[in-house]
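Asker: sequence first, then the predicted structure, then my questions.
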Amino acid sequence: MEDISHILAPLNEPQRDAVTATGGNRLVLAGAGSGKTRVLVHRIAWLIQVEHLAPWSLLAVTFTNKAAREMRSRIEEILQQPIGGMWVGTFHGLAHRFLRAHWQDAKLPQHFQILDADDQLRLVKRLLKELQLDESRYPPRQVMGFINREKDEGRRPEHLDDGGDFYQRKLIEVYREYQATCERAGQVDFADLLLKTHELLRDRPDIRHHYQERFAHILVDEFQDTNAIQYAWLRLLAGDRDNLFLVGDDDQSIYGWRGARVENIQSFQRDYPNTQVVRLEQNYRSTGNILQAANALIAHNPTRLGKNLWTQDAEGEPILRYAAFNEVDEARFVVDRIRGYVTEEGYRRAECAILYRTTAQSRLFEEALINAQIPYRVYGGLRFFERAEIKDAMAYLRLVANPDDDTAFERAVNTPMRGIGPRTLENLREQARETRVSLWQAARDLLASGNLPPRAAGAIGQFLDLIDRHRRAAPDLNLDGLANDLIAAAGLEEHYRKEKDGKGQDRVENLGQLVETAGRFHLELGDAEIEGENDALAAFLAHAALESGDTQADEFEDSVQLMTLHSAKGLEFPIVFLVGVEEGLFPHSLSADDPHRLEEERRLCYVGMTRAMHQLFVSHAESRRFRGSEDRPFPSRFLREIPAALVREVRAGGLSRSAAWGSAASLAPGTRQAGASWGAGVPEAGQGGGFHLGQGVRHPKFGEGVVLNSEGRGAAARIQVKFHGEGAKWLVLAYAKLEPLG
DNA sequence: AACTTCGGCTTTTTT
DNA sequence: AGCCGAAGTT
């Protein structure tokens, strides 16, 4: 008998029950901080090391790439070996893998591509125009939402009934046209990945049986976030093997807006009556006070399965509540407190997290942190592959992989401007529409027909040639070589270099980074399941769409963590600041009226609170600048739902406004040590020559101004200065001869 | 065809 | 406040 204590010893009774379960389905209702991931990981270790199952017979699925990475590394850690053939990934990632393997069965071109949300929106807009539907009556975002919602529920256009409603009929028409366009171009959107996978499993018993036999166990994380298709997909994969191991928490369901159905938890128990339910209610994360407060809050939700977390931990500190004067004061308060924890109580910066409802809120805190010279890191927000310049470059790569990619064609054809304007493009579109071919093919046809004005013909000829040339060269090049050549030949770098809005330099740097990323990706590809050179490009494009670059693995500096509540799920921090807890913002005004959405907002608040281990702060501003105008929001109803006995009101103690600013401003320029490092994307203090936000400066040419912003590091460090009469300019610190004033 | 200006609208969250 | 599309100007 081998030693299995490493698997069982760290577990409590119910956790052990779940991990060692035999026969039948398991539903693990795991409260926040109750060791959910641990149970999943140990379950897998149990199956492999005790039941001696082969890794390839296991399937583990999560929702976010982050969670998938975490699970993968923890599995490898406990097994002390690579996960081998185990399928561990997100629903979308696994579906993609499946469709790549079965592209013929799914009636997809071998190099089908993935449409991300931005591509999707552009496509919808284009179709609305083609169908002559007014964007004000058919807001593209809502039309897109309609399409996605239907797909998430597993409905194709032909399943839909307009019920005699004109508007509905039009929506269905757009959906149908949208789908046809995607198919013509060999493109698949996020929802399609799941839907097509489901359809294939449903319609092909042979394939279904193959996978049903292969997977001895199917483990699902965050089951409460599954949508209709994902659930149906799991059922097909499981067949009647009763091999499902689902972990979830109805109180942490926060993705209803993208089709997630908490009800799947109940449906599951109905659909599989032989399911054993395990409840994990002991919390190992938070103090008693934090837990009590969170429990009290979530108790206000009428529709829940019911569960009460408890802890052996001490009560701990009360929750601290701060009523800020305005949003700037709120940020200042938070940063002061963080400074206190770090300098006086020995916390690392990375142990402090600022959680907010909307991404837009991050800026205030970033500014305050920059000002205080505290390194920070923002999660989420604009991801690498979503940046305009990266999408531009990717459009060229996509065309090389598949010239029929209309979305990419539209984007690349006149970026940078090469004289193919709206008029010419309209010509192409019409030709494409009439002959039912891609824009690429239409361009070739039109060019061959000689029916183009000479100027347009020349420009188009060059563009087609550019792509063709690289298509031929691609097989002999590494990804980075291809990307590099393409960016240069397309003139993208030059285009951005000349851009004068101050962002140009950044964009050029990002293009450089894209080439690097491509190179690294190519290297890492070695062990993956890629056959020919051609597939490297396809894999890279898929990677860009599916992971959108949230890795940012570089920044390992100890830094304060900033993120939305959604991206905080699954994480924990000793010190948590839950900010902007105001009516209108949290709960968000778009959700406050609908009871279901309100419940989801409350769950989001619950998620946020339960991230905290030692100390939880909640703050709200009495006045907030929002979209230009001034707002006087009420404190959130959620604050009232936390028992007063657990909360202590704080005033901005100790550090007054002037003291907080003084600490940065009182140092004479130049005397600051380089060791006092700045936040991510901010110049080193030594490099900065002692500039900080709000500081007066003099420039030989532009005169006097005030520092507004800064970004980049080292030689790339730049600051934005508002000059009197001149407006704001971005200046490269290394070159600009700036003189500090005051 | 390219560039400028103006006005409306927006963002809740992510694969 | 900032972004995008529409309309107007060169």
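Answerer: Right, received. Where do you want to start? Everything quoted here is computed from the prediction, not taken from an experiment.
Asker: secondary structure element for A:Leu59?
Answerer: strand A:58-62 (DSSP states H and E).
Asker: strand partners (parallel or antiparallel) of that strand?
Answerer: In the sheet, strand A:58-62 lines up against strand A:87-90 (parallel), strand A:217-220 (parallel) (DSSP bridges).
Asker: residues making contact with the first one?
Answerer: Counting by C-beta atoms under 8 Å, 6 or more residues apart in numbering, the neighbours of strand A:87-90 from elsewhere in the structure are A:56, A:58-65, A:67-68, A:71-72, A:75, A:94, A:97, A:215, A:546. In short, each C-beta sits where N, CA and C put it, glycine included.
Asker: other SSEs contacting the helix or strand following that strand?
Answerer: Proceeding N to C from strand A:87-90, the next assigned helix or strand is helix A:91-101, under DSSP H and E. Packing partners of helix A:91-101 (3 or more C-beta pairs under 8 Å, 6 or more residues apart in numbering; DSSP states H and E): strand A:58-62, strand A:87-90, helix A:190-203, helix A:228-238, helix A:533-547.
Asker: please identify the deepest-packed of those.
Answerer: Ranked by mean neighbour count, the helices and strands packed on helix A:91-101 are led by strand A:58-62 with a mean of 25 (mean count of other C-beta atoms under 10 Å).
Asker: what about that strand, near DNA strand B?
Answerer: No - Strand A:58-62 stays clear of DNA strand B (C-beta under 7 Å from any atom of the strand), getting no nearer than 9.1 Å.
Asker: got the CA coordinates for that strand in CSV?
Answerer: What follows is strand A:58-62, C-alpha atoms only, in CSV (Å, rounded to 0.1, in the frame of the first residue of the first chain):
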residue,chain,number,x,y,z
LEU,A,58,-9.8,12.5,-16.8
LEU,A,59,-11.4,15.7,-17.9
ALA,A,60,-11.4,18.8,-15.7
VAL,A,61,-13.1,21.9,-16.8
THR,A,62,-13.1,25.4,-15.4
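Asker: and that strand, how far out from the chain's middle?
Answerer: Chain-centre distance of strand A:58-62: 20 Å, with C-alpha atoms, centre = their mean, to the nearest Å.
Asker: return the residues of chain A in contact with DNA strand C.
Answerer: So chain A meets DNA strand C at A:Lys125, A:Glu135, A:Arg627, A:Gly628 (C-beta under 7 Å from any atom of the strand).
Asker: could you dump those into TSV with distance to A:Leu305 added?
Answerer: Listed next are these as TSV, based on distance: C-beta to C-beta, whole Å:
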residue	distance to A:Leu305
A:Lys125	42
A:Glu135	43
A:Arg627	38
A:Gly628	43
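Asker: A:Cys296 - how many residues pack around it?
Answerer: If you look again at residue A:296, you'll see it is Ala, not Cys. Neighbour count for A:Ala296, taken as other C-beta atoms under 10 Å: 14.
Asker: for A:Ala350, same thing?
Answerer: Neighbours of A:Ala350 (other C-beta under 10 Å): 18.
Asker: need the three-state assignment for it.
Answerer: The assignment at A:Ala350 comes out as helix when based on DSSP: H, G, I helix; E, B strand; the rest coil.
Asker: quick one: secondary structure of the closest residue to it other than its chain neighbours?
Answerer: Leaving aside its chain neighbours, A:Ala350 sits nearest to A:Asp558 (5.1 Å; criterion: C-beta to C-beta, 6 or more residues apart in numbering). Taking three-state DSSP as the rule, one finds A:Asp558 in the coil state.
Asker: just to revisit the earlier point, of the residues of chain A next to DNA strand C, just the buried ones, PyMOL syntax please.
Answerer: Selecting only the buried entries of these in PyMOL, with 16 or more other C-beta atoms under 10 Å as the criterion:
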select buried, chain A and resi 125
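Asker: domain parsing for chain A?
Answerer: A:5-100+A:195-282, A:113-185, A:319-381+A:553-652, A:386-527+A:534-545, A:667-742 (automatic domain parsing).
Asker: ranking the ones you listed by mean pLDDT, which is last?
Answerer: Ranked by mean pLDDT, these bottom out at domain A:667-742, which scores a mean of 49.
Asker: quick one on the thing from earlier: let me have the helices and strands packed on helix A:91-101 in JSON lines, extended by distance to A:Gly256.
Answerer: Shown next, in JSON lines, are those (distance: least, C-beta to C-beta, whole Å):
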{"stretch": "strand A:58-62", "distance to A:Gly256": "18"}
{"stretch": "strand A:87-90", "distance to A:Gly256": "18"}
{"stretch": "helix A:190-203", "distance to A:Gly256": "16"}
{"stretch": "helix A:228-238", "distance to A:Gly256": "12"}
{"stretch": "helix A:533-547", "distance to A:Gly256": "22"}
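Asker: returning to that earlier point: quick one: closest of the strands paired with strand A:58-62 to DNA strand B.
Answerer: Nearest to DNA strand B among those is strand A:87-90; the distance by C-beta to the nearest atom of the strand comes to 4.0 Å.
Asker: quick check: closest non-adjacent residue to A:Tyr255.
Answerer: In space, A:Tyr255 is closest to A:Asp225, 4.8 Å off (C-beta to C-beta, 6+ apart).
Asker: now do A:Leu133
Answerer: A:Lys170 (6.2 Å).
Asker: which residues sit against the strand holding A:Leu59?
Answerer: Strand A:58-62 has contacts (C-beta under 8 Å, 6+ apart) with A:40, A:44, A:47-48, A:68, A:71, A:75, A:86-91, A:94, A:215-222, A:237.
Asker: same check, this time on stretch A:328-338
Answerer: Stretch A:328-338 is contacted from outside by A:322, A:324, A:349, A:352, A:354, A:364-365, A:367-369, A:371-372, A:374, A:560, A:575, A:577, A:579-580, A:617, A:619-621, A:652, A:654-655, A:657, A:660, using C-beta under 8 Å, 6+ apart.
Asker: measure stretch A:572-590 end to end?
Answerer: Terminal residues of stretch A:572-590 lie 28 Å apart, using C-alpha to C-alpha, to the nearest Å.
Asker: list the buried residues of it.
Answerer: Within stretch A:572-590, judged by 16+ other C-beta under 10 Å, the buried ones are A:572-588.
Asker: out of these, who's near DNA strand B?
Answerer: When contact is defined as C-beta under 7 Å from any atom of the strand, the buried residues of stretch A:572-590 meet DNA strand B at A:His588.
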